[in-house]
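**Student:** Sequence first, predicted model second:
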Amino acid sequence: MPIFDTMLAHDYEQLVVCTDKASGLRAFICIHDTTLGPALGGVRIWPHKTEEDALTDVLRLARAMTYKAAAAGLSLGGGKALIVADPRKDKSEALLRAYGRFVEAVGGRYITTEDVGSTTDDMEIIATQTRHVIGLPVAQGGGGDPSPMTGFGVFRAMQACAKDVWGNPSLQGRTVAVQGFGKVASNLAAHLKRDGARLIVTDINEQAADRARREFDARLVAPDDVFDAACDIFAPCALGGALNDATIPRLRCKVVCGAANNQLAEDRHGEALMKRGILYAPDFIVSAGGVINLSMELMPLGYNEEMARERTSRIYGTLEKVIGVSKAEGIPTSRAAERLAEERVGGARAVKRIWLPH
Ligand code: NAD
(Lines give C-alpha, C1' and ligand atoms only; values in the text may rest on other atoms or scores of the structure.)
Protein backbone atom coordinates (compact mmCIF):
# COMPACT_ATOMS: atom_id res chain seq x y z
CA MET A 1 0.00 0.00 0.00
CA PRO A 2 1.47 3.42 -0.95
CA ILE A 3 0.92 4.85 2.51
CA PHE A 4 1.53 8.57 1.88
CA ASP A 5 -0.72 8.67 -1.18
CA THR A 6 -3.42 6.67 0.58
CA MET A 7 -3.37 9.01 3.57
CA LEU A 8 -3.26 12.16 1.47
CA ALA A 9 -6.15 10.99 -0.69
CA HIS A 10 -8.48 11.01 2.32
CA ASP A 11 -6.91 13.77 4.41
CA TYR A 12 -5.42 11.61 7.16
CA GLU A 13 -3.26 13.45 9.66
CA GLN A 14 -1.08 10.89 11.36
CA LEU A 15 -0.22 7.22 11.58
CA VAL A 16 1.82 5.94 14.51
CA VAL A 17 3.46 2.53 14.26
CA CYS A 18 4.15 1.02 17.69
CA THR A 19 6.22 -2.05 18.51
CA ASP A 20 7.52 -3.48 21.77
CA LYS A 21 9.53 -6.68 21.75
CA ALA A 22 9.11 -7.43 25.47
CA SER A 23 5.30 -7.50 25.42
CA GLY A 24 4.94 -8.51 21.74
CA LEU A 25 3.03 -5.33 20.91
CA ARG A 26 2.44 -4.56 17.23
CA ALA A 27 0.02 -1.68 16.94
CA PHE A 28 -1.11 1.21 14.79
CA ILE A 29 -2.62 4.43 16.11
CA CYS A 30 -4.30 6.29 13.28
CA ILE A 31 -5.56 9.87 13.54
CA HIS A 32 -7.79 10.88 10.68
CA ASP A 33 -8.96 14.39 11.55
CA THR A 34 -8.76 16.60 14.64
CA THR A 35 -10.56 19.69 13.35
CA LEU A 36 -13.44 19.32 15.81
CA GLY A 37 -11.37 18.06 18.74
CA PRO A 38 -9.07 15.23 19.83
CA ALA A 39 -9.51 12.05 17.81
CA LEU A 40 -11.63 9.50 19.64
CA GLY A 41 -11.80 5.88 18.62
CA GLY A 42 -11.62 2.42 20.11
CA VAL A 43 -8.66 0.08 20.11
CA ARG A 44 -9.44 -3.04 18.13
CA ILE A 45 -7.49 -6.18 19.01
CA TRP A 46 -7.61 -8.50 16.04
CA PRO A 47 -5.16 -11.01 14.47
CA HIS A 48 -5.12 -9.69 10.91
CA LYS A 49 -3.40 -12.08 8.52
CA THR A 50 -1.35 -9.42 6.75
CA GLU A 51 -0.03 -5.95 7.58
CA GLU A 52 -1.92 -4.65 4.57
CA ASP A 53 -5.24 -5.96 5.97
CA ALA A 54 -4.47 -4.40 9.35
CA LEU A 55 -3.58 -1.04 7.85
CA THR A 56 -6.62 -0.98 5.58
CA ASP A 57 -8.83 -1.73 8.58
CA VAL A 58 -7.38 0.89 10.91
CA LEU A 59 -7.39 3.62 8.24
CA ARG A 60 -10.98 2.91 7.28
CA LEU A 61 -12.19 2.75 10.86
CA ALA A 62 -10.42 6.00 11.83
CA ARG A 63 -12.07 7.90 9.00
CA ALA A 64 -15.47 6.50 9.89
CA MET A 65 -14.98 7.85 13.43
CA THR A 66 -14.51 11.38 12.06
CA TYR A 67 -17.85 11.09 10.28
CA LYS A 68 -19.53 9.51 13.29
CA ALA A 69 -18.44 12.18 15.79
CA ALA A 70 -19.10 15.04 13.36
CA ALA A 71 -22.60 13.87 12.41
CA ALA A 72 -23.44 13.28 16.09
CA GLY A 73 -22.61 16.92 16.86
CA LEU A 74 -19.65 16.07 19.12
CA SER A 75 -16.54 18.21 19.53
CA LEU A 76 -14.31 15.28 18.74
CA GLY A 77 -12.24 14.14 15.81
CA GLY A 78 -11.80 10.66 14.41
CA GLY A 79 -9.14 8.07 15.09
CA LYS A 80 -8.69 4.40 15.75
CA ALA A 81 -6.05 2.04 17.06
CA LEU A 82 -5.37 -1.54 16.19
CA ILE A 83 -3.32 -4.05 18.12
CA VAL A 84 -2.52 -6.90 15.79
CA ALA A 85 -3.05 -9.84 18.14
CA ASP A 86 -5.56 -12.52 19.03
CA PRO A 87 -7.55 -11.11 21.97
CA ARG A 88 -8.19 -14.61 23.37
CA LYS A 89 -4.57 -15.77 23.30
CA ASP A 90 -2.21 -12.80 23.11
CA LYS A 91 -3.79 -10.19 25.37
CA SER A 92 -1.73 -9.57 28.50
CA GLU A 93 -1.30 -6.84 31.06
CA ALA A 94 2.14 -6.02 29.63
CA LEU A 95 0.72 -5.70 26.10
CA LEU A 96 -1.99 -3.29 27.26
CA ARG A 97 0.45 -1.28 29.36
CA ALA A 98 2.84 -0.96 26.43
CA TYR A 99 -0.05 0.19 24.25
CA GLY A 100 -1.12 2.71 26.94
CA ARG A 101 2.36 4.24 26.96
CA PHE A 102 2.21 4.85 23.21
CA VAL A 103 -1.23 6.45 23.58
CA GLU A 104 0.21 8.77 26.23
CA ALA A 105 3.10 9.63 23.92
CA VAL A 106 0.67 10.88 21.28
CA GLY A 107 -0.06 13.62 23.80
CA GLY A 108 -3.86 13.74 23.85
CA ARG A 109 -4.36 14.05 20.10
CA TYR A 110 -5.86 10.56 20.30
CA ILE A 111 -8.19 9.27 23.04
CA THR A 112 -8.55 5.52 23.22
CA THR A 113 -11.47 3.37 24.32
CA GLU A 114 -12.81 -0.15 23.86
CA ASP A 115 -13.68 -1.87 20.60
CA VAL A 116 -13.88 -5.40 19.21
CA GLY A 117 -11.42 -7.51 21.23
CA SER A 118 -10.98 -5.01 24.07
CA THR A 119 -13.07 -4.46 27.21
CA THR A 120 -13.71 -1.92 29.97
CA ASP A 121 -11.37 -3.99 32.20
CA ASP A 122 -8.63 -3.53 29.59
CA MET A 123 -9.23 0.23 29.72
CA GLU A 124 -8.47 0.13 33.46
CA ILE A 125 -5.06 -1.34 32.70
CA ILE A 126 -4.41 1.14 29.89
CA ALA A 127 -5.42 3.96 32.28
CA THR A 128 -2.43 3.11 34.49
CA GLN A 129 -0.22 4.43 31.67
CA THR A 130 -2.20 7.23 30.05
CA ARG A 131 -4.78 9.89 30.89
CA HIS A 132 -6.16 9.69 27.37
CA VAL A 133 -8.53 6.77 27.82
CA ILE A 134 -12.31 6.66 28.35
CA GLY A 135 -14.91 3.93 28.58
CA LEU A 136 -13.90 3.09 32.12
CA PRO A 137 -16.15 1.07 34.45
CA VAL A 138 -18.95 2.98 36.24
CA ALA A 139 -17.17 2.45 39.59
CA GLN A 140 -14.28 4.52 38.22
CA GLY A 141 -16.47 7.42 37.11
CA GLY A 142 -16.86 6.13 33.58
CA GLY A 143 -20.00 5.46 31.58
CA GLY A 144 -19.42 1.69 31.55
CA ASP A 145 -20.47 -0.48 28.63
CA PRO A 146 -21.75 1.82 25.83
CA SER A 147 -23.79 -0.96 24.17
CA PRO A 148 -27.13 -0.15 25.87
CA MET A 149 -26.91 3.44 24.58
CA THR A 150 -25.90 2.20 21.12
CA GLY A 151 -28.91 -0.14 21.13
CA PHE A 152 -31.21 2.74 22.10
CA GLY A 153 -29.76 4.87 19.28
CA VAL A 154 -30.36 2.10 16.71
CA PHE A 155 -33.96 1.92 17.94
CA ARG A 156 -34.38 5.70 17.49
CA ALA A 157 -32.94 5.38 13.98
CA MET A 158 -35.40 2.60 13.17
CA GLN A 159 -38.25 4.82 14.35
CA ALA A 160 -37.11 7.58 11.99
CA CYS A 161 -36.95 5.08 9.11
CA ALA A 162 -40.42 3.73 9.97
CA LYS A 163 -41.82 7.26 9.97
CA ASP A 164 -40.38 7.87 6.53
CA VAL A 165 -41.36 4.56 4.95
CA TRP A 166 -44.68 3.74 6.65
CA GLY A 167 -45.72 7.20 7.90
CA ASN A 168 -45.56 6.21 11.58
CA PRO A 169 -42.51 5.86 13.87
CA SER A 170 -44.04 2.90 15.72
CA LEU A 171 -42.50 -0.51 15.11
CA GLN A 172 -45.61 -2.32 16.28
CA GLY A 173 -46.18 -5.38 14.10
CA ARG A 174 -42.99 -4.82 12.06
CA THR A 175 -40.58 -7.73 11.51
CA VAL A 176 -36.91 -6.98 12.14
CA ALA A 177 -34.23 -9.45 10.98
CA VAL A 178 -31.12 -9.10 13.11
CA GLN A 179 -27.71 -10.37 12.00
CA GLY A 180 -25.54 -10.89 15.10
CA PHE A 181 -27.15 -11.03 18.52
CA GLY A 182 -24.42 -9.56 20.72
CA LYS A 183 -24.27 -6.70 23.18
CA VAL A 184 -25.92 -4.06 20.99
CA ALA A 185 -28.55 -6.27 19.35
CA SER A 186 -29.75 -7.70 22.67
CA ASN A 187 -30.29 -4.15 23.98
CA LEU A 188 -31.99 -3.14 20.76
CA ALA A 189 -34.25 -6.21 21.02
CA ALA A 190 -35.59 -5.05 24.39
CA HIS A 191 -36.77 -1.76 22.82
CA LEU A 192 -38.23 -3.57 19.82
CA LYS A 193 -40.10 -6.05 21.98
CA ARG A 194 -41.57 -3.25 24.09
CA ASP A 195 -42.74 -1.52 20.92
CA GLY A 196 -44.41 -4.70 19.61
CA ALA A 197 -42.00 -5.73 16.83
CA ARG A 198 -41.30 -9.34 15.81
CA LEU A 199 -37.74 -10.62 15.57
CA ILE A 200 -35.88 -12.92 13.21
CA VAL A 201 -32.35 -13.56 14.49
CA THR A 202 -29.16 -15.21 13.37
CA ASP A 203 -25.82 -15.60 15.10
CA ILE A 204 -22.82 -17.81 14.43
CA ASN A 205 -22.71 -18.32 18.18
CA GLU A 206 -25.47 -20.77 19.10
CA GLN A 207 -25.77 -19.51 22.67
CA ALA A 208 -26.34 -15.94 21.50
CA ALA A 209 -29.02 -17.07 19.06
CA ASP A 210 -30.66 -19.23 21.68
CA ARG A 211 -30.86 -16.27 24.05
CA ALA A 212 -32.79 -14.37 21.37
CA ARG A 213 -35.23 -17.25 21.07
CA ARG A 214 -35.72 -17.66 24.82
CA GLU A 215 -35.87 -14.02 25.90
CA PHE A 216 -37.34 -12.33 22.85
CA ASP A 217 -39.34 -15.07 21.17
CA ALA A 218 -37.20 -14.63 18.05
CA ARG A 219 -37.45 -16.96 15.07
CA LEU A 220 -33.95 -18.26 14.37
CA VAL A 221 -32.43 -18.65 10.90
CA ALA A 222 -29.04 -19.90 9.71
CA PRO A 223 -26.34 -17.18 9.31
CA ASP A 224 -26.43 -17.17 5.53
CA ASP A 225 -30.25 -17.31 5.33
CA VAL A 226 -30.77 -13.97 7.09
CA PHE A 227 -30.24 -12.13 3.79
CA ASP A 228 -33.25 -13.93 2.26
CA ALA A 229 -35.56 -13.48 5.23
CA ALA A 230 -38.80 -11.63 4.40
CA CYS A 231 -38.88 -8.73 6.85
CA ASP A 232 -39.55 -5.01 7.13
CA ILE A 233 -36.13 -4.04 8.51
CA PHE A 234 -32.79 -5.78 8.14
CA ALA A 235 -30.44 -4.90 11.02
CA PRO A 236 -26.75 -5.78 10.49
CA CYS A 237 -25.35 -5.98 14.04
CA ALA A 238 -22.38 -8.33 13.50
CA LEU A 239 -19.19 -7.26 11.68
CA GLY A 240 -18.64 -4.94 8.70
CA GLY A 241 -19.17 -5.60 4.98
CA ALA A 242 -22.61 -7.26 5.29
CA LEU A 243 -23.95 -5.20 2.36
CA ASN A 244 -22.17 -6.24 -0.82
CA ASP A 245 -22.71 -7.44 -4.39
CA ALA A 246 -23.74 -10.90 -3.23
CA THR A 247 -26.13 -9.91 -0.44
CA ILE A 248 -27.91 -6.74 -1.65
CA PRO A 249 -29.86 -8.49 -4.47
CA ARG A 250 -31.14 -11.04 -1.92
CA LEU A 251 -32.55 -8.59 0.63
CA ARG A 252 -36.35 -8.72 1.13
CA CYS A 253 -36.80 -5.64 3.31
CA LYS A 254 -37.76 -1.99 2.97
CA VAL A 255 -35.15 -0.64 5.41
CA VAL A 256 -31.58 -1.49 6.42
CA CYS A 257 -30.74 -0.09 9.85
CA GLY A 258 -28.24 -1.68 12.22
CA ALA A 259 -25.28 -1.11 14.51
CA ALA A 260 -22.37 -2.73 12.65
CA ASN A 261 -19.58 -0.38 11.57
CA ASN A 262 -18.71 -0.15 7.86
CA GLN A 263 -21.72 -2.11 6.64
CA LEU A 264 -21.25 -1.15 2.98
CA ALA A 265 -18.49 -3.29 1.46
CA GLU A 266 -17.80 -0.34 -0.87
CA ASP A 267 -19.26 3.17 -1.14
CA ARG A 268 -21.11 2.24 -4.35
CA HIS A 269 -23.27 -0.20 -2.39
CA GLY A 270 -25.15 2.80 -0.95
CA GLU A 271 -26.33 3.49 -4.48
CA ALA A 272 -27.15 -0.18 -5.07
CA LEU A 273 -29.51 -0.12 -2.07
CA MET A 274 -31.15 3.07 -3.29
CA LYS A 275 -31.71 1.51 -6.73
CA ARG A 276 -33.44 -1.44 -5.08
CA GLY A 277 -35.80 0.97 -3.28
CA ILE A 278 -34.38 0.09 0.13
CA LEU A 279 -33.91 2.91 2.65
CA TYR A 280 -30.40 2.59 4.05
CA ALA A 281 -29.81 4.26 7.43
CA PRO A 282 -26.07 5.12 7.33
CA ASP A 283 -24.22 3.11 9.97
CA PHE A 284 -22.22 5.96 11.43
CA ILE A 285 -25.41 7.91 12.12
CA VAL A 286 -27.27 4.89 13.50
CA SER A 287 -24.59 3.57 15.86
CA ALA A 288 -23.48 6.91 17.34
CA GLY A 289 -25.08 6.20 20.74
CA GLY A 290 -21.91 4.49 21.94
CA VAL A 291 -19.60 7.35 21.10
CA ILE A 292 -22.11 9.88 22.46
CA ASN A 293 -22.19 7.92 25.72
CA LEU A 294 -18.38 7.86 25.85
CA SER A 295 -18.05 11.56 25.08
CA MET A 296 -20.04 12.35 28.21
CA GLU A 297 -17.04 11.19 30.27
CA LEU A 298 -15.17 14.18 28.86
CA MET A 299 -17.76 16.71 30.10
CA PRO A 300 -16.55 19.09 32.83
CA LEU A 301 -18.89 17.50 35.40
CA GLY A 302 -18.20 13.96 34.26
CA TYR A 303 -20.48 11.25 32.91
CA ASN A 304 -24.21 11.93 32.94
CA GLU A 305 -26.54 9.19 31.71
CA GLU A 306 -29.56 11.47 31.26
CA MET A 307 -27.60 13.77 28.98
CA ALA A 308 -26.20 10.82 27.03
CA ARG A 309 -29.72 9.50 26.48
CA GLU A 310 -31.08 12.85 25.40
CA ARG A 311 -28.26 13.34 22.91
CA THR A 312 -28.60 9.80 21.60
CA SER A 313 -32.31 10.35 21.10
CA ARG A 314 -31.43 13.12 18.63
CA ILE A 315 -30.25 10.43 16.18
CA TYR A 316 -33.91 10.41 15.08
CA GLY A 317 -33.70 14.04 13.90
CA THR A 318 -30.26 13.63 12.34
CA LEU A 319 -31.49 10.73 10.27
CA GLU A 320 -34.60 12.67 9.21
CA LYS A 321 -32.26 15.40 7.96
CA VAL A 322 -30.11 12.88 6.06
CA ILE A 323 -33.16 11.30 4.42
CA GLY A 324 -34.37 14.79 3.47
CA VAL A 325 -31.07 15.65 1.73
CA SER A 326 -31.00 12.27 0.00
CA LYS A 327 -34.50 12.81 -1.43
CA ALA A 328 -34.00 16.46 -2.35
CA GLU A 329 -30.77 15.77 -4.23
CA GLY A 330 -31.41 12.24 -5.47
CA ILE A 331 -28.24 10.95 -3.79
CA PRO A 332 -27.83 7.83 -1.62
CA THR A 333 -28.39 8.35 2.11
CA SER A 334 -24.79 7.17 2.69
CA ARG A 335 -23.52 10.10 0.61
CA ALA A 336 -25.99 12.55 2.20
CA ALA A 337 -24.74 11.56 5.65
CA GLU A 338 -21.10 12.01 4.64
CA ARG A 339 -21.93 15.41 3.26
CA LEU A 340 -23.57 16.45 6.53
CA ALA A 341 -20.44 15.44 8.46
CA GLU A 342 -18.07 17.01 5.91
CA GLU A 343 -19.96 20.30 6.06
CA ARG A 344 -19.65 20.44 9.83
CA VAL A 345 -15.91 19.66 9.75
CA GLY A 346 -15.42 22.11 6.87
CA GLY A 347 -17.24 24.88 8.74
CA ALA A 348 -15.15 24.33 11.87
CA ARG A 349 -11.93 24.22 9.83
CA ALA A 350 -12.77 27.52 8.15
CA VAL A 351 -13.23 29.46 11.41
CA LYS A 352 -9.84 28.27 12.65
CA ARG A 353 -8.30 30.96 10.43
CA ILE A 354 -9.39 33.51 13.09
CA TRP A 355 -6.32 34.08 15.24
CA LEU A 356 -6.76 33.78 18.98
CA PRO A 357 -4.33 35.14 21.59
CA HIS A 358 -3.01 32.41 23.90
P1 NAD B 1 -20.67 -8.32 19.93
O2 NAD B 1 -19.36 -8.96 19.68
O3 NAD B 1 -21.23 -8.30 21.31
O4 NAD B 1 -21.80 -9.01 19.01
C5 NAD B 1 -21.60 -9.37 17.69
C6 NAD B 1 -22.33 -10.70 17.46
O7 NAD B 1 -22.29 -10.98 16.07
C8 NAD B 1 -21.69 -11.87 18.18
O9 NAD B 1 -22.66 -12.56 18.96
C10 NAD B 1 -21.15 -12.75 17.03
O11 NAD B 1 -21.21 -14.14 17.34
C12 NAD B 1 -22.08 -12.38 15.91
N13 NAD B 1 -21.57 -12.60 14.55
C14 NAD B 1 -20.33 -12.34 14.06
N15 NAD B 1 -20.28 -12.64 12.74
C16 NAD B 1 -21.51 -13.10 12.41
C17 NAD B 1 -22.08 -13.54 11.19
N18 NAD B 1 -21.39 -13.61 10.06
N19 NAD B 1 -23.39 -13.93 11.20
C20 NAD B 1 -24.11 -13.87 12.35
N21 NAD B 1 -23.62 -13.47 13.53
C22 NAD B 1 -22.33 -13.07 13.55
O23 NAD B 1 -20.57 -6.85 19.32
P24 NAD B 1 -21.48 -5.59 19.65
O25 NAD B 1 -20.81 -4.77 20.67
O26 NAD B 1 -22.88 -6.01 19.82
O27 NAD B 1 -21.32 -4.78 18.27
C28 NAD B 1 -21.98 -5.20 17.09
C29 NAD B 1 -21.55 -4.31 15.94
O30 NAD B 1 -21.89 -2.95 16.23
C31 NAD B 1 -20.03 -4.30 15.65
O32 NAD B 1 -19.85 -4.14 14.27
C33 NAD B 1 -19.55 -3.07 16.38
O34 NAD B 1 -18.37 -2.55 15.79
C35 NAD B 1 -20.72 -2.13 16.17
N36 NAD B 1 -20.83 -1.08 17.19
C37 NAD B 1 -20.92 -1.41 18.50
C38 NAD B 1 -21.04 -0.41 19.45
C39 NAD B 1 -21.17 -0.74 20.93
O40 NAD B 1 -21.52 0.17 21.70
N41 NAD B 1 -20.93 -1.97 21.34
C42 NAD B 1 -21.07 0.93 19.06
C43 NAD B 1 -21.00 1.24 17.70
C44 NAD B 1 -20.89 0.22 16.76
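**Tutor:** All right, it came through fine. Numbering: from 1, shown residues only.
**Student:** make it CA atoms for all contacts and neighbour counts henceforth
**Tutor:** Noted.
**Student:** And residue 151, which helix or strand is it part of?
**Tutor:** Secondary structure assigned from DSSP states H and E places residue 151 in helix 147-166.
**Student:** The ligand contacts on the protein?
**Tutor:** Contact residues (Cα under 6 Å from any ligand atom) of the chain with the ligand: 146-147, 150, 179-185, 202-205, 208, 223, 237-240, 259-261, 287, 290.
**Student:** among these, which ones are buried?
**Tutor:** 146-147, 150, 179-185, 202-203, 208, 237-238, 259-261, 287, 290 (16 or more other Cα atoms under 10 Å).
**Student:** Nearest spatial neighbour of whichever residue of the stretch 251-358 of the chain sits closest to the ligand, chain-adjacent residues omitted?
**Tutor:** Distances between the stretch 251-358 of the chain and the ligand by Cα to the nearest ligand atom are smallest at residue 260, namely 3.3 Å. With sequence-adjacent residues excluded and distances taken as Cα to Cα, 6 or more residues apart in numbering, residue 260 is closest to residue 237, at 4.6 Å.
**Student:** now swap in residue 100 and tell me
**Tutor:** Leaving aside its chain neighbours, residue 100 sits nearest to residue 126 (4.7 Å; criterion: Cα to Cα, 6+ apart).
**Student:** From residue 173, how far off is the one you found?
**Tutor:** Using Cα to Cα, to the nearest Å, we find residue 126 at a distance of 45 Å from residue 173.
**Student:** Those two - which one has more neighbours?
**Tutor:** residue 126 (28 against 13; other Cα atoms under 10 Å).
**Student:** Now for the more buried one: which residues touch it?
**Tutor:** 96-97, 99-101, 133 (Cα atoms under 8 Å, 6 or more residues apart in numbering).
**Student:** which one of those is nearest the ligand?
**Tutor:** residue 133 (15.8 Å).
**Student:** Surely residue 13 touches residue 31?
**Tutor:** Yes: under the criterion of Cα atoms under 8 Å, residue 13 makes contact with residue 31 at 5.8 Å.
**Student:** Of the two, which one has the most company?
**Tutor:** Neighbours were counted for residue 13 and for residue 31 using other Cα under 10 Å; residue 31 has more, 30 against 13.
**Student:** just to revisit the earlier point, which phi and psi values does the residue nearest to residue 260 adopt?
**Tutor:** Note on residue 237: backbone dihedrals following degrees, to the nearest 10 are phi -130, psi 30.
**Student:** any idea how far it is from residue 261?
**Tutor:** 8 Å.
**Student:** try residue 160
**Tutor:** Separation of residue 160 from residue 261 (Cα to Cα) stands at 19 Å.
**Student:** Identify the spatial nearest neighbour of residue 177, chain neighbours not counted.
**Tutor:** In space, residue 177 is closest to residue 200, 4.4 Å off (Cα to Cα, 6+ apart).
**Student:** Contact partners for the one you found?
**Tutor:** Here residue 200 is in contact with 175-178, 218-221 (criterion: Cα under 8 Å, 6+ apart).
**Student:** for the stretch 101-250 of the chain, what spans make up the helices?
**Tutor:** 120-126, 147-166, 183-195, 206-216 (DSSP state H, counting those that start in this stretch).
**Student:** Single out the most deeply packed of those.
**Tutor:** Among the helices of the stretch 101-250 of the chain, ranked by average contacts under mean count of other Cα atoms under 10 Å, first place goes to helix 147-166 (a mean of 24).
**Student:** Please name every helix or strand in contact with that one.
**Tutor:** helix 183-195, helix 283-286, helix 289-295, helix 305-313, helix 315-329 (3 or more Cα pairs under 8 Å, 6 or more residues apart in numbering; DSSP states H and E).
**Student:** make it 10 Å
**Tutor:** Here helix 147-166 touches helix 183-195, strand 233-236, strand 255-256, strand 279-280, helix 283-286, helix 289-295, helix 305-313, helix 315-329, going by 3 or more Cα pairs under 10 Å, 6 or more residues apart in numbering; DSSP states H and E.
**Student:** Format the ones you listed as JSON lines; extra columns: mean pLDDT.
**Tutor:** Below are the helices and strands packed on helix 147-166 laid out as JSON lines (pLDDT from 0 to 100):
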{"stretch": "helix 183-195", "mean pLDDT": "97"}
{"stretch": "strand 233-236", "mean pLDDT": "98"}
{"stretch": "strand 255-256", "mean pLDDT": "98"}
{"stretch": "strand 279-280", "mean pLDDT": "98"}
{"stretch": "helix 283-286", "mean pLDDT": "97"}
{"stretch": "helix 289-295", "mean pLDDT": "95"}
{"stretch": "helix 305-313", "mean pLDDT": "96"}
{"stretch": "helix 315-329", "mean pLDDT": "98"}
